[in-house]
Each structure stands twice: as C-alpha cells, then as structure tokens.
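Asker: what follows is a predicted structure for the sequence shown.
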Amino acid sequence: MELVKNYTYGIKRGQNHGRAKLSDHEVELLRKMVSSGELTQKDAAAYFEISKAYVSELVRYLYR
C-alpha cells in the first residue's frame, strides 16, 4: 500500500532527506512490529524515540 507521492524533481525522500528521523529499514521494522502486535504504537514511539503521531502516520503509510 503506497500512498506517498513519488516526486521526481530532485526532492529527497525517505532516509536521503536531511531531516529524516529513521532509516528506511527502521520504518519497515517499526511497521512490522506494530502490525504483528509485538509493540503498541506508544511503545514503538518510545523505542524509536519519535512522537506517537509520527508512528501513527508511518503505520498508515501517510509517510514513506
């Protein structure tokens, strides 16, 4: 499920962006851990040291 727009005009996306908080691998790991029930979104936010809102957006594929 890919809802993120694919920009082609030299705009850096994902881990290549200068303000990226997580690598692409970490995002996939986070999604897998939350979807399997291993971590709640709140626990994932604490584990990866990001906000709960950002975890929610990543899990719903609004980003990356």
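Answerer: It's in. This is a predicted model, so every value here is computed, not measured. Numbers count the residues shown, from 1 in each chain.
Asker: CA atoms for contacts and neighbours, from now on please.
Answerer: Will do.
Asker: toward the C-terminus, what is the element adjacent to the longest helix along the chain?
Answerer: Ranked by residue count, the top helix of the chain under DSSP state H comes out as helix 24-35. Next in sequence after helix 24-35, counting helices and strands by DSSP states H and E, comes helix 41-48.
Asker: could you dump that following helix to CSV, C-alpha only?
Answerer: Output of helix 41-48 as CSV, limited to C-alpha atoms (Å, rounded to 0.1, in the frame of the first residue of the first chain):
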residue,chain,number,x,y,z
GLN,A,41,2.2,2.5,18.7
LYS,A,42,3.0,4.1,22.1
ASP,A,43,5.8,1.6,22.8
ALA,A,44,7.2,2.0,19.3
ALA,A,45,7.3,5.7,19.7
ALA,A,46,9.3,5.3,22.9
TYR,A,47,11.6,2.6,21.4
PHE,A,48,12.4,4.6,18.3
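Asker: contacts for it?
Answerer: Helix 41-48 is touched from outside by Leu30, Val34, Ser51, Lys52, Val55, Ser56, with contacts defined as Cα atoms under 8 Å, 6 or more residues apart in numbering.
Asker: that one relative to helix 24-35, how many degrees between them?
Answerer: With axes from the mean of the first three to the mean of the last three Cα atoms, to 10 degrees applied, the angle from helix 41-48 to helix 24-35 works out at 150 degrees.
Asker: which element follows helix 41-48 toward the C-terminus?
Answerer: Next along from helix 41-48, by DSSP H and E: helix 52-59.
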